[in-house]
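Visitor: pasting a predicted model and its sequence here:
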Amino acid sequence: MTYPCRHLCADPLQGKVTVTARSSSPEEIRIRNTSPEPIDLEDYVVDNDPWKYSFVAGTPVAPGATLRLFVGGSPARDTGLVKYWGKSKSILNDTGDRVVLRTHTDVRVACYAWGSASC
């Protein structure tokens, strides 16, 4: 395994999830399992440069289900499909930004951009 991946980079979740985001309050990132099988987000990262959120062991998402990651709020309130990043301020830029779901080896699984940003 090479970090970061530079050639023929692939991951089993590519094409099986979508990422969307809402930059208005409350800021929220949504990860939807579009595959017919359950997935586990363990070892995946939500990247909104320079901020990163790593999913912990045992973060399953059923087929067709959506995991919601709120930028604010206490991680102590986490449930199966609702997570809280714990940021005390806004991090998603209303005029343009990007949210990427990637592996720890920097393989991009899904990306969502709005406004002046691009994937």
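Guide: It's in.

Visitor: correct me, but A65 touches I31?
Guide: No: the pair A65 / I31 is not scored as a contact, 9.4 Å apart, by C-beta atoms under 8 Å. The way it works is simple: take the backbone N, C-alpha and C, and place the C-beta from them, glycine included.

Visitor: the host helix or strand of W114 pairs with which strands, and in what direction?
Guide: If you go by DSSP states H and E, W114 is part of strand 108-115. Sheet pairing for strand 108-115, assigned by DSSP bridges, gives strand 96-103 (antiparallel).

Visitor: just how off-centre is the partner strand within its chain?
Guide: 7 Å (C-alpha atoms, centre = their mean, to the nearest Å).

Visitor: flag every buried residue along it.
Guide: 97-103 (16 or more other C-beta atoms under 10 Å).

Visitor: ok, stretch 30-47 next?
Guide: 30-33, 39, 41, 44-47.

Visitor: who's in contact with P38?
Guide: 60-63 (C-beta atoms under 8 Å, 6 or more residues apart in numbering).
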